[in-house]
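Student: Fold the following.
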Amino acid sequence: MKTFNQEDLEQTIKDYTNLLYRLCFMTIKNDQDTKDILQETFIKYMKKAPSFSSEEHKKAWLIKVSQNKCKDFLRFHNRHKHVSIEEAGDVSYTYQNAAENDKEEFELLWNLAPKYRSIIILHYVEGYSMEEVADLLGITLAAARKRLQRARSYVKTEYDKEKNNG
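Tutor: Numbering: from 1, shown residues only. Predicted structure coming up:
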């Protein structure tokens, strides 16, 4: 453990906010809740003041913490279900602002279960190997590969349906 460093915290927030926001938003689907999770992630970073062997280790730690916070959030909300008008508005706003050619892919990703969205985003968007994805999500390599296979199958099936209907 190292002592808390204000400059390090500011630089970490600057470097990783966008990445963590994208990952969390695709899981949580709500701007304000995603921002709350990011805040909690950076608070934990500030309180723990962990030492890292490399910048990649730091990035992996932040992703792991944010994904665990997302899981906790979803677990809580699955027990206390409701959908507010504000949440429905956030989804619509994000979709409307997506680039026209990205809307189809956005919809396919959006309809994936959170555990499959995480795999797709970490592997294809962020470029992590399957071993790294498994480690980040705290699952076995076999489970990560199976989730990726199921996510690909779902996306392909849905894409084929849209293609045949369009």
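Student: The chain: helices as residue ranges?
Tutor: For the chain, applying DSSP state H gives helices covering 6-28, 31-48, 55-79, 85-96, 103-110, 114-120, 130-137, 141-165.
Student: tell me the most buried of the ones you listed?
Tutor: Mean neighbour count, computed with mean count of other Cβ atoms under 10 Å, is highest for helix 114-120 among the helices of the chain, reaching a mean of 21. C-betas here are computed from N, CA, C, even on glycine.
Student: Rounded mean pLDDT for that helix, please.
Tutor: Taken as a whole, helix 114-120 carries a mean pLDDT of 84.
Student: now do stretch 42-49
Tutor: Across stretch 42-49, the per-residue pLDDT values average to 90.
Student: then it to PDB, C-alphas only?
Tutor: As requested, the backbone C-alpha atoms of stretch 42-49 are provided in PDB (Å, rounded to 0.1, in the frame of the first residue of the first chain):
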ATOM      1  CA  PHE A  42     -12.400   6.200  -7.600                       C
ATOM      2  CA  ILE A  43     -13.300   6.600  -3.900                       C
ATOM      3  CA  LYS A  44     -12.200   3.000  -3.400                       C
ATOM      4  CA  TYR A  45      -9.000   3.700  -5.300                       C
ATOM      5  CA  MET A  46      -8.400   6.800  -3.100                       C
ATOM      6  CA  LYS A  47      -9.000   4.900   0.100                       C
ATOM      7  CA  LYS A  48      -7.000   1.800  -0.700                       C
ATOM      8  CA  ALA A  49      -4.200   3.600  -2.400                       C
END
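Student: Lowest average confidence across the helices of the chain, which one?
Tutor: Of all these, helix 85-96 carries the lowest average pLDDT, namely a mean of 44.
Student: Next, Ser51: phi, psi?
Tutor: Dihedral pair for Ser51: phi -100, psi 140, per degrees, to the nearest 10.
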